[in-house]
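[1] sequence first, then the predicted structure:
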Amino acid sequence: MTASGLLGEIDGVGRDRKRGGYSRHAFDAPEQDLRAWFGERALGLGLDVDTDHNGNIWAWWGPPGPDAVVTGSHLDSVPGGGAFDGPLGVASALAAVEALQARGFRPTKPFAVVVFAEEEGGRFGVPCLGSRLLTGTIDADKARGLRDADGVTFAEAAAKSGFDPDRVGADPARLGLIGKFVELHVEQGRGLIDLGSPVAVGSTVIAHGRWRFSFAGQGNHAGATLLADRADPMLPAAATVTAVRRLAAGVPDARATVGRLVPTPGGTNVIASTVDLWLDARVPGTATPELVSEIVLAAEAAAAEEGCRVTVTRESYSDDVVFDDALRRDLGGWLGAPPELPTGAGHDAAVLAGFVPSGMLYVRNPTGISHSPEEFAEAGDVEAGAAALATVLERLAR
Ligand code: HGY
Ligand code: MN
Ligand code: MN
């Protein structure tokens with residue numbers, strides 16, 4: 001089965017009629033369907049499938065063991081996301097295994113395809129939750145207590161899906177099996193369009209984090225409350241949204257976004273009592289916290305002006321990552337020196353990079369758009385990516 005064919009099999013899973021694109025979140029029905037699809041396809045390739053206590057799925061080609069060559073990505077999406085972010089890496093890994101088997105290759109090292117849980121943080125708010133739990137880079141108690149928009153905790157959702165929440169947490173034995181990790185991913189930008197290549201090798205991932213701003217005021221009647229008598233949290237929230245863009249514009253190469261803003265109670269004729277917004281801030285190097293501090297000052301000033309209060313909580317943060325130099329050079333050498341690309345998008349490979357030699361391959365996205373239904377990859381480039389992945393996996397595992 002080609003990678004395109006595998007993607008075609010899940011094309012209808014988790015379509016979001018309201019937003020467009022796909023909504024596939026940790027432990028929800030579409031994600032469970034995708035887990036089942038992956039398991040069936042992996043078993044069909046003779047792989048042994050098991051799921052770790054953090055919800056990451058491992059499909060072993062031969063017995064598990066140390067110095068394993070591991071590849072994979074994720075199957076969950078952002079709300080209204082594209083078809084390729086995550087699934088392309090998983091489908092390409094399965095297609096690469098099938099292609100290697102077809103040409104009679106057998107790995108001389110332990111070999112696994114992995115699907116990491118909750119990479120987007122689309123339900124519980126922390127990106128790369130599965131790989132952070134595996135590596136112990138998130139406290140297990142904090143993870144258990146993460147809540148979704150309905151107030152359901154990760155522990156409750158995990159238990160409902162058959163996992164033991166008490167076992168969630170660092171898994172040094174399993175992490176210790178990984179010798180090298182390579183993730184293939186759709187490019188989330190325009191680099192390869194301008195470079196005229198279907199595939200690139202990843203070089204770096206810029207620092208990025210998420211902060212929750214909670215503005216509190218006085219809920220009241222929209223018609224019976226004079227302006228002078230209001231403490232409307234929507235005002236400082238709005239001021240913060242514009243301050244994010246204004247302040248980020250002054251920092252070289254900064255990206256800062258408010259894509260999620262939730263007033264409570266959210267009535268048309270109601271002055272909100274609280275407004276929550278989430279900041280996604282990313283700056284190469286060490287400047288992200290400084291930018292966020294400036295944004296917090298602006299939020300506090302705007303809140304005070306309106307007689308409101310604001311609390312800010314850091315929900316996640318990852319430093320800059322530079323992928324393993326030797327592996328990056330090997331990947332490039334084995335693929336005829338394709339372009340190397342930095343990225344502003346986070347990945348499980350970047351979490352693992354702090355523990356094992358990790359690398360990435362990117363596949364051209366002619367729209368340059370991601371985290372949106374327009375995300376795309378041509379079938380020819382999808383197959384070029386899967387073939388490139390097969391090439392590097394064969395070199396790593398022989
Ligand atoms: O948000 C990111 O950069 C990634 O898509 N999780
Ligand atoms: Mn993504
Ligand atoms: Mn992704």
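    Here it is on my side, so go on. Ligands and ions are numbered 1, 2, ... in the order given.
[2] residues in contact with the nearest residue in space to V186 that is not next to it in sequence?
    Excluding the flanking residues, the one nearest V186 by C-beta to C-beta, 6 or more residues apart in numbering is F84, at 3.9 Å. The way it works is simple: take the backbone N, C-alpha and C, and place the C-beta from them, glycine included. F84 makes contact with 7, 186, 363, 365, 370, 375-377, according to C-beta atoms under 8 Å, 6 or more residues apart in numbering.
[3] could you tell me how many residues sit around D11?
    Applying other C-beta atoms under 10 Å, we find 10 residues neighbouring D11.
[4] so which strand or helix has it?
    Using DSSP states H and E, D11 maps to neither a helix nor a strand.
[5] my guess is it contacts P87, does it?
    No. Judged on C-beta atoms under 8 Å, D11 makes no contact with P87 at a distance of 9.6 Å.
[6] quick check, P64 in a helix?
    No. Using DSSP: H, G, I helix; E, B strand; the rest coil, the secondary structure at P64 is coil, not a helix.
[7] next, count neighbours for it.
    15.
[8] then the one 3 residues further on?
    For D67, the neighbour count with other C-beta under 10 Å is 13.
[9] what average pLDDT does stretch 27-46 get?
    Confidence for stretch 27-46, expressed as mean pLDDT, is 98.
[10] now that stretch: buried residues?
    Residues of stretch 27-46 classed as buried: 27-28, 30-31, 33-35, 37-39, 41-42, 45 (neighbour count, 16 or more other C-beta atoms under 10 Å).
[11] and what of stretch 214-234?
    So, applying 16+ other C-beta under 10 Å, buried residues of stretch 214-234: 214-217, 219-220, 230-234.
[12] out of the residues you listed, which are inside strands?
    Secondary structure defined by DSSP state E assigns 214-216, 220 of the buried residues of stretch 214-234 to strands.
[13] let me see the contact set for the residue of the stretch 51-200 of the chain found nearest ligand 1.
    Here the stretch 51-200 of the chain gets closest to ligand 1 at one residue, P127, 4.4 Å apart by C-beta to the nearest ligand atom. Applying C-beta under 8 Å, 6+ apart to P127 gives the contacts 119-121, 210, 316, 346.
[14] for it, give its distance to R309.
    28 Å (C-beta to C-beta, to the nearest Å).
[15] what's the answer for V292, then?
    Relative to R309, and taking C-beta to C-beta, V292 is found at 19 Å.
[16] try H347
    36 Å.
[17] how about JSON lines for the ones in strands among the buried residues of stretch 214-234, with pLDDT and distance to ligand 3 added?
    As requested, those are arranged in JSON lines below (pLDDT from 0 to 100; distance: C-beta to the ion, whole Å):
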{"residue": "S214", "pLDDT": "98", "distance to ligand 3": "28"}
{"residue": "F215", "pLDDT": "99", "distance to ligand 3": "30"}
{"residue": "A216", "pLDDT": "98", "distance to ligand 3": "34"}
{"residue": "N220", "pLDDT": "98", "distance to ligand 3": "42"}
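[18] from the residues you listed, which is closest to D139?
    S214 (21.2 Å; C-beta to C-beta).
[19] might one say that that closest one is in contact with T311?
    Yes. With contacts counted by C-beta under 8 Å, S214 reaches T311, the gap being 4.9 Å.
[20] check contacts around the residue lying closest to P357 once chain neighbours are set aside.
    Nearest in space to P357, with sequence neighbours left out and distances taken as C-beta to C-beta, 6+ apart, is D324 at 3.8 Å. Neighbour list for D324: 180, 353, 357-359 [criterion: C-beta under 8 Å, 6+ apart].
[21] now do the helices in the stretch 101-250 of the chain.
    In the stretch 101-250 of the chain, the helices defined using DSSP state H, counting those that start in this stretch lie at 129-135, 140-145, 154-160, 172-175, 191-195, 234-248.
[22] next: the stretch 251-398 of the chain.
    Secondary structure of the stretch 251-398 of the chain (DSSP H, counting those that start in this stretch): helices at 288-305, 325-334, 348-352, 379-397.
[23] I178 - how many residues pack around it?
    For I178, the neighbour count with other C-beta under 10 Å is 22.
[24] can you list the domains in the chain?
    Here the domain assignment for the chain is 3-206+320-397, 208-318, based on automatic domain parsing.
[25] tell me the most buried of the ones you listed?
    domain 3-206+320-397 (a mean of 20; mean count of other C-beta atoms under 10 Å).
[26] and that one, end to end?
    Start and end residues of domain 3-206+320-397 are separated by 20 Å (C-alpha to C-alpha, to the nearest Å).
[27] go on, stretch 116-131?
    Termini of stretch 116-131 sit 6 Å apart (C-alpha to C-alpha).
[28] any idea of the mean pLDDT for it?
    98.
[29] ok, stretch 266-274 next?
    The model assigns stretch 266-274 a mean pLDDT of 98.
[30] list of residues touching stretch 236-253?
    Contacts of stretch 236-253 (C-beta under 8 Å, 6+ apart): 206, 213, 215, 254-258, 261, 263, 275, 277, 279, 281, 283-284, 287, 291, 294-295, 298-299, 302-303, 305-306, 308, 310.
[31] and with 6 Å instead?
    215, 254, 256, 258, 275, 277, 283-284, 287, 291, 294-295, 298-299, 302-303, 306, 308 (C-beta atoms under 6 Å, 6 or more residues apart in numbering).
[32] kindly export it (C-alpha atoms) in PDB.
    Taking C-alpha atoms only, stretch 236-253 is exported to PDB below (Å, rounded to 0.1, in the frame of the first residue of the first chain):
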ATOM      1  CA  PRO A 236      -8.200  44.000  28.500                       C
ATOM      2  CA  ALA A 237      -8.500  40.700  26.500                       C
ATOM      3  CA  ALA A 238      -8.900  42.600  23.300                       C
ATOM      4  CA  ALA A 239      -6.100  45.000  24.200                       C
ATOM      5  CA  THR A 240      -3.800  42.000  24.900                       C
ATOM      6  CA  VAL A 241      -4.600  40.500  21.500                       C
ATOM      7  CA  THR A 242      -3.400  43.600  19.700                       C
ATOM      8  CA  ALA A 243      -0.500  44.000  22.100                       C
ATOM      9  CA  VAL A 244       0.700  40.500  21.200                       C
ATOM     10  CA  ARG A 245       1.000  41.500  17.500                       C
ATOM     11  CA  ARG A 246       2.500  45.000  18.300                       C
ATOM     12  CA  LEU A 247       5.100  43.700  20.700                       C
ATOM     13  CA  ALA A 248       6.100  40.600  18.600                       C
ATOM     14  CA  ALA A 249       6.500  42.800  15.600                       C
ATOM     15  CA  GLY A 250       9.400  44.400  17.400                       C
ATOM     16  CA  VAL A 251      11.300  41.100  18.000                       C
ATOM     17  CA  PRO A 252      13.200  39.600  15.000                       C
ATOM     18  CA  ASP A 253      11.700  36.500  13.700                       C
END
